[in-house]
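Visitor: Okay, predicted coordinates and the sequence, questions at the end:
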Amino acid sequence: MKRARRVVFLALGALLIVIPARPETNVIAPFVQKGAGGRPTGMGDCFTAVAEGPFGQLYNPAGLGLESAACLGFQHESGAMGVKQESLAARFPVGPGSLGAVIAYWFYGALEGRDESGQLSGQSLNLNEGRYGLGYGMPLSEHWRLGASLGMYSLNLGTVQHGGPLLDLGGAWDPGEDFSVAAVVKSLGAPQQGFGLPTSLRCAGAYRAFERRLLMDVELDVPFSRTTADFGLGAEFRLWEWFDLRAGFKMPFGAADAAVESLILGLGFNLQSFGLDLAFVGRGDLGTEASATLVYALGSPRAEPFPQPKLQAAVADTEALQDALRRLEEAKRESSRRIALDTDRQAQYHFQAGQEYERYGQIIDAIIEYKAALQVKPNYRAAQKALASAKAKARTEAEAAEAQEAKTRAEDSKSSVQELIRKYYERGEAAYRKGDYATAIKNLQLVLELTSKHKQATELLAKARSALNQEVDRLYKEGVDLYAQGELRNALKSFEDLLKLKPDHAKAKDALKSIKEKLLQTGQ
């Protein structure tokens, strides 16, 4: 354990030296860094060194290398301004590891379309983002695990759609039963029209204490697109076998005004093979996001039971026990000898099949057969050489195909992300000048979703929010004054106008209800 701590401290020290040296770059589709699932969300998305359950693939594909029964998960999340997230994930044991699949979509509602002059076009633009992919993880040894997740992302902004491949690579080291160290490179992919993906390196450590009732995960997220990193801490405490409490937070590391971005709370309910996870994320002026996730573990309890005290079994006849152990060892040796003979035949069959496939140019099928031969017999040198050669051929073919596809996409592309940013900013600016602050806020947020470095959009968004709050305060005071003067109809209109701007204004709702009741009583 001491050696493990030294390794962790040295790695974190190296990261602290590297963090300030990274340049700022523009990125597109920052949503690909978002996670899913009520349990990880309830821990502040600090889940890289845990990566359990159906949604663990999104945080570290090496989590698929953990021994686990098949499980399914579905998440629904709703947030401010009508934003919704729907996610579906599953994992199934395959070979020495597990295969995982995940689909996640974010829906931002509809936006009124406008033409080149900024006038309403009468069309409605449905905005959404999504990612989906497959992953596989497997143990390399008793303490090491490795995994990869390959998928696609899509970005639909009405008039412009973008998408491309995504790759996550992760590893984990388990030096002890209750301690794990993990690292993952997230969101590797090709640039889109001068904008890169928000690729980052996450390093994390997880520790279980109090007979595995307490789980803690600490993380450092180092984005390659900016000079500051994010520090996070997540915790889960199991009060009973059927009930978990969770909490987490994240804050920027290396920034002069570093502060906790948001505090996340979560609850977990474990009912045999079923689980229900709830998470609540505070977003400041934007309100609170609520997430609910259903999980089903096929044929096994969803949560491991608390450890039971071990009972000492009395051995009545020591000689009989030793004799039984000797017979068991002899049976194992005989079984191993027979398995070795079968192993050689199986490995040779897969190797010859791979050669036939490669002869006819079916490189991928050849690679699958060579891997099957090595899975049966890892030290099969002929299969190792053939696999390396086939991989080199496949890599050359893939690079050529990718280059041709990139050239075709560049020739066919007629839209520009910069143009889209300009359009949304102009719409937000026009709405701000007209006093339509809610529409201005929605358009300016879309600008910052595409690029977080748009200074004018950031400043105008702050002004629009301030102006919206001032208008809400003015209407509320006006309604209160009219109500006090007995002008119920005019007061009713003021509160209704206020709720159009801010539907969740509790005091305005109460006042509106009171006015309507009084109007009914007076017959007005």
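Guide: Arrived safely.
Visitor: Going by residue numbers, what spans are helices in this protein?
Guide: 2-18, 38-42, 318-359, 363-376, 381-412, 417-434, 437-450, 455-484, 488-501, 506-522 (DSSP state H).
Visitor: Turn these into JSON lines, including distance to residue 83 and mean neighbour count.
Guide: C-beta: built from backbone N, CA, C; applies to glycine. Formatted as JSON lines, the helices of the chain follow (distance: least, CB to CB, whole Å; neighbours: other CB atoms under 10 Å):
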{"stretch": "helix 2-18", "distance to residue 83": "32", "mean neighbour count": "12"}
{"stretch": "helix 38-42", "distance to residue 83": "14", "mean neighbour count": "30"}
{"stretch": "helix 318-359", "distance to residue 83": "48", "mean neighbour count": "12"}
{"stretch": "helix 363-376", "distance to residue 83": "40", "mean neighbour count": "19"}
{"stretch": "helix 381-412", "distance to residue 83": "29", "mean neighbour count": "13"}
{"stretch": "helix 417-434", "distance to residue 83": "16", "mean neighbour count": "18"}
{"stretch": "helix 437-450", "distance to residue 83": "10", "mean neighbour count": "22"}
{"stretch": "helix 455-484", "distance to residue 83": "16", "mean neighbour count": "16"}
{"stretch": "helix 488-501", "distance to residue 83": "18", "mean neighbour count": "17"}
{"stretch": "helix 506-522", "distance to residue 83": "21", "mean neighbour count": "13"}
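Visitor: Pull up the gap between residue 417 and residue 226, please.
Guide: 18 Å (CB to CB, to the nearest Å).
Visitor: Residue 470 too?
Guide: 33 Å.
Visitor: where does the stretch 401-524 of the chain dip in pLDDT?
Guide: Along the stretch 401-524 of the chain, segments meeting pLDDT under 70 span 408-416, 523-524.
Visitor: still on that earlier bit, out of the helices of the chain, nearest to residue 233?
Guide: Among those, the nearest to residue 233 by CB to CB is helix 38-42 (12.9 Å).
Visitor: what about that closest one, average pLDDT?
Guide: For helix 38-42, the mean pLDDT works out to 88.
Visitor: For that helix, name the packing helices and strands.
Guide: Contact here means 3 or more CB pairs under 8 Å, 6 or more residues apart in numbering; DSSP states H and E; on that basis helix 38-42 packs against strand 229-240, strand 243-253, strand 262-271, strand 274-282, strand 288-297.
Visitor: and the longest one, how far from the chain's centre?
Guide: What it means is strand 229-240. 16 Å (CA atoms, centre = their mean, to the nearest Å).
Visitor: Could you pull up the residues touching residue 494?
Guide: With contacts defined as CB atoms under 8 Å, 6 or more residues apart in numbering, the neighbours of residue 494 are 475-476, 478-479, 482.
Visitor: List the contacts of the closest residue to it other than its chain neighbours.
Guide: Of all residues not flanking residue 494 in the chain, residue 479 sits nearest, at 3.6 Å (CB to CB, 6 or more residues apart in numbering). If you count contacts by CB under 8 Å, 6+ apart, residue 479 has them with 491, 494-495, 498, 508, 511.
Visitor: Stretch 467-474: how far from the chain's middle?
Guide: With CA atoms, centre = their mean, you get 36 Å for stretch 467-474.
Visitor: Residues contacting that stretch, please?
Guide: 432, 435, 437-438, 441, 498, 501-502, 505.
Visitor: Among those residues, which one lies nearest to residue 142?
Guide: residue 441 (53.7 Å).
Visitor: Tell me who's in contact with residue 183.
Guide: Residue 183 touches 11, 48, 170-172, 201-204, counting by CB under 8 Å, 6+ apart.
Visitor: out of the residues you listed, which are buried?
Guide: 48, 170-172, 201-204 (16 or more other CB atoms under 10 Å).
Visitor: export the contacts of residue 494 to CSV and tack on distance to residue 232?
Guide: Output for those, formatted as CSV (distance: CB to CB, whole Å):
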residue, distance to residue 232
475, 40
476, 38
478, 44
479, 43
482, 49
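Visitor: Out of those, which comes closest to residue 208?
Guide: Checking the contacts of residue 494 one by one against residue 208 (CB to CB), the nearest turns out to be residue 476, at 50.4 Å.
Visitor: these two touch, right, the closest one and residue 498?
Guide: Yes - between residue 476 and residue 498 there is a contact under CB atoms under 8 Å: 5.8 Å.
Visitor: shared neighbours, those two?
Guide: Counting by CB under 8 Å, 6+ apart, the residues touching both residue 476 and residue 498 are 505, 508.
Visitor: where in the stretch 251-400 of the chain is pLDDT low?
Guide: Counting by pLDDT under 70, the stretch 251-400 of the chain has low-confidence residues at 254-262, 284-287, 299, 306-321, 324, 328, 331-342.
Visitor: how about the spatially closest residue to residue 272 that is not a sequence neighbour, phi and psi?
Guide: Spatially, and ignoring its direct neighbours in sequence, residue 272 is nearest to residue 301 (6.0 Å; CB to CB, 6+ apart). Dihedral pair for residue 301: phi -60, psi 140, per degrees, to the nearest 10.
Visitor: Would you mind measuring from residue 301 to residue 83?
Guide: On the measure of CB to CB, residue 301 and residue 83 end up 34 Å apart.
Visitor: Just the strands from the stretch 1-150 of the chain, written as ranges.
Guide: For the stretch 1-150 of the chain, applying DSSP state E, counting those that start in this stretch gives strands covering 71-78, 84-94, 97-114, 120-139, 144-156.
Visitor: For stretch 53-69, what does the pLDDT average out to?
Guide: If you average the pLDDT over stretch 53-69, you get 86.
Visitor: So which bits of that stretch are buried?
Guide: In stretch 53-69, counting by 16+ other CB under 10 Å, buried: 53-66, 68.
Visitor: gap between the two ends of it?
Guide: 9 Å (CA to CA, to the nearest Å).
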